[in-house]
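# Sequence first, then the predicted structure:
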Amino acid sequence: MLIANPRAGSVSRLKKEVIVKALAADFKLEVEETEAREHATEIAEDAVDRDFDAVVALGGDGTINEVAQPLVGTEVALGVLPGGSTNVMARALGIPLDPVEATAFLSDHLRTQRRRRIGVGCMNKRYFLFSCGIGLDAEVVRRVEETAARSGRKSQWTFVRHALAAASTEYRTNDQWLSVQVEDEEPFRGVLGIVCNGWPFTYFKRFPVDACPQASLDGALDLLVLRNVRTLTIPHIIWSLFVSRSHIGWRKARYFHDLKRVRWETDEPHPAQVDGDHIGLAAVADIVHRPDALDLLA
């Protein structure tokens, strides 16, 4: 089953036709296009019920996340054909960013039955493949999605603009609104929380953003919590995320590696995101790692 997002930013209609013809030449193929948010999950669930061998997502990380939901815990493999603006999952798996080249990569793995079994994270019953967050990063995602809905475009510079705006306004605070509990430890507080199931957290153009530099798809979950964000410290934070990776040892931060469970509680509901998709407001989030849960064609 090939599930394609017709609004995928980097895939033209011609490229999609090439991809479909290439896959149909070697495999029994069905093709579906998404029509609305969460539609990809419905199509993938039907594919699981009908005993498909693999479901391939053609689109950005949001489409891939939606397709993955009903595949977790099954033997149905997930294939990734990058078609978004950032394509974190494709890059993390070493899949070519050109969707036609990625189709050749995918076909080879389908023919040889090469699969990679990974663990996934789950936040409040929503699975994520590489990250989830609450607060600043999720607010940026929310703003970017609103901008894209109005303009029809999603630029990585738009992320930067909204990140600076949010960090300089409602998330520039010493008010530690986020309470964090890591497994059996005592809760502590902060102003930003990010959990990663893999590396990296995201990309800016070709540069990885290393919120959790020790995270791996072959391990459990990594957690970064910042205790405060001030305007004067924003350049320091950016430098660390892109270059030094020193934030994992800062006194104003707490970093944990290879966790099985994290719990977040907030003083009032805040935006939440999974795999770069805004999923609404949350005041409580139980985040768990589910090992050996998903087959990837990678």
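The structure has been received and is ready for your questions. Residues are numbered from 1 along each chain as shown.

# switch to C-alpha atoms for all contacts and neighbour counts from now on
Fine.

# Where does pLDDT dip in the stretch 1-150 of the chain?
9, 145-150 (pLDDT under 70).

# can you give me the strands for it?
2-4, 31-33, 54-59, 77-82, 116-123, 126-128, 131-134 (DSSP state E, counting those that start in this stretch).

# Break this protein into its domains for me.
Using automatic domain parsing, the domain parsing of the chain gives 2-114, 127-289.

# At which residues are the helices of the chain located?
13-26, 39-49, 61-68, 88-92, 99-112, 136-151, 156-168, 234-239 (DSSP state H).

# elements contacting the first one?
Counting contacts by 3 or more C-alpha pairs under 8 Å, 6 or more residues apart in numbering; DSSP states H and E, helix 13-26 packs against helix 99-112.

# one step back: let me know which of the domains of the chain is the nearest to L296.
For the domains of the chain, the distance to L296 is smallest for domain 2-114, at 4.9 Å, taking C-alpha to C-alpha.

# Just the endpoints, please. Distance across that closest one?
As for domain 2-114, its first-to-last residue distance stands at 18 Å under the measure C-alpha to C-alpha, to the nearest Å.

# Determine how far that domain lies from the middle of the whole chain.
Distance of domain 2-114 from its chain centroid, counting by C-alpha atoms, centre = their mean, to the nearest Å, is 15 Å.

# And for stretch 201-219?
That offset, for stretch 201-219, works out to 11 Å (C-alpha atoms, centre = their mean).

# And it, what's buried?
201-203, 208-219 (16 or more other C-alpha atoms under 10 Å).

# Compute the first-to-last residue distance for that stretch.
End to end - C-alpha to C-alpha - stretch 201-219 spans 15 Å.

# Then stretch 58-78?
11 Å.

# again, but for stretch 237-252
With C-alpha to C-alpha, one end of stretch 237-252 sits 11 Å from the other.

# who touches it?
With contact meaning C-alpha atoms under 8 Å, 6 or more residues apart in numbering, stretch 237-252 is reached by 207-213, 224, 226-228, 253-255.

# buried ones in that stretch?
Buried, per 16+ other C-alpha under 10 Å, within stretch 237-252: I237, I238, S240, L241, R245, H247, I248.

# just stretch 276-294 next, same as before
276-278, 281-282, 284-285, 287-291, 293-294.

# Of those residues, which is the nearest to Q69?
L294 (9.7 Å).

# you'd agree the closest one is up against P70?
No: between L294 and P70 there is no contact under C-alpha atoms under 8 Å: 10.0 Å.

# which residues are in contact with both of the two?
Counting by C-alpha under 8 Å, 6+ apart, nothing touches both L294 and P70.

# who touches Q214 in this structure?
Contacts of Q214 (C-alpha under 8 Å, 6+ apart): W199, D222, H257.

# Quick check: it vs G83, distance?
Applying C-alpha to C-alpha to Q214 and G83 gives a distance of 27 Å.

# before we move on, what about A285?
Relative to G83, and taking C-alpha to C-alpha, A285 is found at 30 Å.

# Ok, T63 next?
In terms of C-alpha to C-alpha, T63 sits 9 Å off from G83.

# same check, this time on M123
25 Å.

# Pick out whichever of those two has more residues nearby.
G83 (27 against 23; other C-alpha atoms under 10 Å).

# wait, isn't the more buried one in contact with V100?
No: with contact defined as C-alpha under 8 Å, G83 does not count as touching V100 (10.4 Å).

# can you pull out the strands in the stretch 151-298 of the chain?
Assigned by DSSP E, counting those that start in this stretch, the stretch 151-298 of the chain shows strands spanning 178-182, 188-190, 192-196, 202-204, 207-209, 221-226, 253-259, 261-274, 277-296.

# Quick check: neighbours of the third one in the sheet, parallel or antiparallel?
Right, strand 192-196. strand 131-134 (antiparallel), strand 221-226 (antiparallel) (DSSP bridges).

# try the fourth one
With DSSP bridges as the criterion, the sheet partners recorded for strand 202-204 are strand 207-209 (antiparallel).

# average pLDDT for the partner strand?
Strand 207-209 shows an average pLDDT of 88 in the prediction.

# Can you pull out the residues in contact with it?
With C-alpha under 8 Å, 6+ apart, strand 207-209 has contacts from P200, F201, T202, Y203, L241, F242.
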